[in-house]
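S.K.: Build me a model:
(2 chains)
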There are 2 protein chains.
Amino acid sequence: MAVDLPVAVDAMGGDNAPGEIVLGARMAADELGVRVVLVGLPEAIGDAGGLEILPASEVIGMEEDPAQGVRRKKDSSLVRAAEAVRDGRALAMVSAGNTGATMASALLRMGRLKGVVRPAIATPIPNIGSHPSLLLDAGANAECTAAMLVQFAQMGAAYSAARYGVSGASVALLSIGEEKSKGSPLVKEAHALLDDTPGIRFIGNVEGRDLLTGVADVVVTDGFTGNVALKTLEGALRFLMDQLVAAFGIDEDTAKAAEVMLPHLAPLVAEFDPENTGGAMLLGVDGVCVISHGSSSARAIVSAVRVAHDVAVAGLVEGLAASVATR
Amino acid sequence: MAVDLPVAVDAMGGDNAPGEIVLGARMAADELGVRVVLVGLPEAIGDAGGLEILPASEVIGMEEDPAQGVRRKKDSSLVRAAEAVRDGRALAMVSAGNTGATMASALLRMGRLKGVVRPAIATPIPNIGSHPSLLLDAGANAECTAAMLVQFAQMGAAYSAARYGVSGASVALLSIGEEKSKGSPLVKEAHALLDDTPGIRFIGNVEGRDLLTGVADVVVTDGFTGNVALKTLEGALRFLMDQLVAAFGIDEDTAKAAEVMLPHLAPLVAEFDPENTGGAMLLGVDGVCVISHGSSSARAIVSAVRVAHDVAVAGLVEGLAASVATR
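M.R.: Predicted structure coming up:
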């Protein structure tokens, strides 16, 4: 992998596209010193600030049917970005657009890694004072088999190595009790398989309340449960932050208390701000594909480009391929 | 249902049994003016403060196998409490003990309500400024069918009526997107069935991030997803509260800020304190059965007795029976 290849950024994807996306791409190139190529309609992109542009005449909308969009819009920014990675013209792709269409573009154009049954989305969960845990699948596969969960464990460990330098990542299974007799039939079967698969440092079941305690480097679950858990986490944190902000605004005394407290709370807020986490990663395709939040700002795009560049250079795809070949 | 019947409290169940449980039962009788009967070993109960005692010579431990425990320990406090409800000697039962054994005791001794496929656990989720939403199933059934989710909707609405006086409760289905095409096969089938079942005010799918927004009176899901979501919520709220408490303790200035803020934050903390919510309710058995948190204090038992008494008097069981008979 030539490390001086550019990161391909889908300029047309996301609620704030193309403005914030183009701005973020320019900031990323400036701040990180990495090459970035903007993919999209040149007239929509406007001033690229000297960045290369890979022209694409179509856009797959946020609400469009993913499979249909990719099949019909062969000259869309998403499809062209995935092709650039496939053809060795880009190091990685980043999109804040239609998540399903991003996955479909990556899967159909880059292809699956050999041996991977189904790609999965890995999402970082911050841990105070340590590297984040990775939760997967965060929503790519609403229905999973136990063998898929084993691959998620292998791929999650490879990603933890490439992204956070963790060697021999610990893996936990999300369930409704620590005992291996607890859970759905899928979880019980996966528990036994994870126990029996060499090369996986399986520490057993964890519960929803353990997700923020850094209990494991990797937490595996099916994409339905993973998505519900992540959005529940997001909703709960936002709820409490909103309540706190409201309480700080009650009167003059609370406003003064806010002045004292906010500098102490800022690092916590920053740690959980999706702008800083770099987005989710699609694991199991033959290339690096970062799925950013639909509401991504320029700052979120900078984080995403940084993560995309770093894991590509760290050999994520090679690590993933090796991880699933070990059985 | 004779409303002057006592609420049967399992004196032996819970991390703090019998001390806190007995104390809570006495407080409940004093504060609420309702009759309470303590079920358990008289010598362990000690000073019942004038409350009646229903003697039981055995205890099913917190970690014991539920089905086996109920089968073997016929003179256990849990089994005797359930029999008291069945035989019309108690209005309702309350236990902070082994959740599985509580469910098994209630199911095997009281029996299922006619037409109910499987009982479910309903847990209240607080809403600022309104009655709580009810999430079910919160963990009784790790595997569910779409028809079971429809019954959960009917039973949840009946419970919302008996407990919060809500008529025509709105019902949502927990999924990973609002569109009915999103989700697992179970969720898609349940969506169609909920849409087609008369008498259910179905408002569609909701996501994990909607759980704290009071989006529906009742949210239905399978017991695996429901348990993961609830524990994730619990973990996230505890995490942020712990962070906030730590930040308040940093120095003198933050301690002063805490003095200003805590009175404003106290109502929020109280609303989410499991001590005050009254515990979870087992719906679908032929009697009222409140499942309290294992860590219940005396205050939690007071809340549980209040809820048990109130919904029994409000005709919860009759409402549940009618709700599932409407198809």
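S.K.: Number of residues surrounding residue A:4?
M.R.: For residue A:4, the count of nearby residues is 7 (other C-beta atoms under 10 Å in any protein chain shown). All C-beta spots, glycine's among them, are computed from the backbone N, C-alpha and C.
S.K.: again with residue A:319
M.R.: Other residues lying near residue A:319 total 19 when counted by other C-beta under 10 Å.
S.K.: State the distance from it to residue A:186.
M.R.: Applying C-beta to C-beta, to the nearest Å, the value for residue A:319 to residue A:186 is 26 Å.
S.K.: cool, and residue A:83?
M.R.: For residue A:83, the distance to residue A:186 equals 35 Å [C-beta to C-beta].
S.K.: Over to residue A:86?
M.R.: For residue A:86, the distance to residue A:186 equals 33 Å [C-beta to C-beta].
S.K.: Looking at these two, which has the bigger crowd around it?
M.R.: In this view residue A:86 and residue A:186 are compared by other C-beta under 10 Å, and residue A:186 has more residues nearby, 22 against 18.
S.K.: beta partners for the spatially most central residue of chain A?
M.R.: By C-alpha atoms, centre = their mean, chain A has its centre lying nearest to residue A:280, at 0.6 Å. When bridges are called by DSSP bridges, residue A:280 pairs up with residue A:291.
S.K.: how does chain A divide into domains?
M.R.: Using automatic domain parsing, the domain parsing of chain A gives A:1-116+A:284-316, A:124-274.
S.K.: which one of those is the most hemmed in?
M.R.: domain A:1-116+A:284-316 (a mean of 22; mean count of other C-beta atoms under 10 Å in any protein chain shown).
S.K.: Contact residues of the stretch 1-150 of chain A facing chain B?
M.R.: Counting by C-beta under 8 Å from any C-beta of the partner chain, the residues of the stretch 1-150 of chain A close to chain B are A:128, A:139, A:142-143.
S.K.: Can you tell me the element the residue lying closest to residue A:250 once chain neighbours are set aside falls in?
M.R.: Nearest residue to residue A:250, sequence neighbours excluded (C-beta to C-beta, 6 or more residues apart in numbering or on different chains): residue B:264, at 5.8 Å. Take DSSP states H and E as the rule and residue B:264 turns out to sit in helix B:252-272.
S.K.: tell me what the worst-scoring helix or strand of chain A on mean pLDDT is packed against?
M.R.: Every helix and strand of chain A was ranked by mean pLDDT, DSSP states H and E. The lowest is helix A:274-277, at a mean of 80. In terms of contacts (3 or more C-beta pairs under 8 Å, 6 or more residues apart in numbering or on different chains; DSSP states H and E), helix A:274-277 is packed against helix A:298-313.
S.K.: Quick check: buried residues in whichever helix or strand comes after the helix it packs on?
M.R.: Sequence order places helix A:316-324 as the next helix or strand after helix A:298-313, per DSSP H and E. The neighbour-count check on helix A:316-324 (16 or more other C-beta atoms under 10 Å in any protein chain shown) flags A:316-317, A:319-321, A:323-324 as buried.
S.K.: Grab the longest helix from chain A for me.
M.R.: Counting by DSSP state H, the longest helix found in chain A is helix A:223-248.
S.K.: Quick one: work out the angle between that one and helix B:223-248.
M.R.: Computed with axes from the mean of the first three to the mean of the last three C-alpha atoms, to 10 degrees, the direction of helix A:223-248 lies at 30 degrees from that of helix B:223-248.
S.K.: so helix A:223-248 versus helix A:252-272, what angle?
M.R.: Between helix A:223-248 and helix A:252-272, the angle comes out at 150 degrees (the same axes, to 10 degrees).
S.K.: What is helix A:223-248 packed up against?
M.R.: Counting contacts by 3+ C-beta pairs under 8 Å, 6+ apart, helix A:223-248 packs against strand A:120-127, strand A:130-136, strand A:170-174, helix A:252-272, helix B:223-248, helix B:252-272.
S.K.: could the ones you listed be laid out in JSON lines, adding mean pLDDT?
M.R.: Formatted as JSON lines, those follow (pLDDT from 0 to 100):
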{"stretch": "strand A:120-127", "mean pLDDT": "96"}
{"stretch": "strand A:130-136", "mean pLDDT": "96"}
{"stretch": "strand A:170-174", "mean pLDDT": "98"}
{"stretch": "helix A:252-272", "mean pLDDT": "93"}
{"stretch": "helix B:223-248", "mean pLDDT": "94"}
{"stretch": "helix B:252-272", "mean pLDDT": "93"}
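S.K.: Dump those to CSV, plus distance to residue A:54.
M.R.: Output for these, formatted as CSV (distance: least, C-beta to C-beta, whole Å):
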stretch, distance to residue A:54
strand A:120-127, 25
strand A:130-136, 29
strand A:170-174, 38
helix A:252-272, 33
helix B:223-248, 40
helix B:252-272, 50
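S.K.: if I look at the closest residue to chain B within the stretch 1-150 of chain A, how far off is residue B:196?
M.R.: Per C-beta to the nearest C-beta, residue A:142 is where the stretch 1-150 of chain A lies closest to chain B, at 4.6 Å. Distance, residue A:142 to residue B:196, by C-beta to C-beta: 22 Å.
S.K.: List the buried residues in the least confident helix or strand of chain A.
M.R.: For helix A:274-277, the neighbour count (16+ other C-beta under 10 Å) marks A:274-275, A:277 as buried.
S.K.: Checking the closest residue to residue A:47 other than its chain neighbours next. Helix, strand or coil?
M.R.: Nearest non-adjacent residue to residue A:47, counting by C-beta to C-beta, 6+ apart: residue A:22, 7.7 Å away. When classified by DSSP: H, G, I helix; E, B strand; the rest coil, residue A:22 comes out as helix.
S.K.: OK, contacts around residue A:22?
M.R.: The contact partners of residue A:22, by C-beta atoms under 8 Å, 6 or more residues apart in numbering or on different chains, come to A:11, A:38, A:45-49.
S.K.: coming back round to it: for the residue nearest to residue A:250, give me its contacts.
M.R.: When contacts are counted by C-beta under 8 Å, 6+ apart, residue B:264 touches A:247, A:250, A:254.
S.K.: Now flag whichever of those is closest to residue B:306.
M.R.: Among the contacts of residue B:264, residue A:247 lies closest to residue B:306 (C-beta to C-beta), at 28.4 Å.
S.K.: thought the closest one was touching residue B:262?
M.R.: No: if you go by C-beta atoms under 8 Å, residue A:247 and residue B:262 don't touch, sitting 9.8 Å apart.
S.K.: what is the orientation angle of the host helix or strand of residue A:31 with helix A:298-313?
M.R.: Take DSSP H and E as the rule and residue A:31 turns out to sit in helix A:19-32. Orientation check (the same axes, to 10 degrees): helix A:19-32 against helix A:298-313 gives 50 degrees.
S.K.: ok, residues contacting stretch A:236-253?
M.R.: Contacts with stretch A:236-253, where a contact means C-beta under 8 Å, 6+ apart, come from A:254-255, A:257-258, A:261-262, A:269, A:272, B:128, B:209, B:211-213, B:232-233, B:236-237, B:240-241, B:244, B:260-261, B:264-265, B:268.
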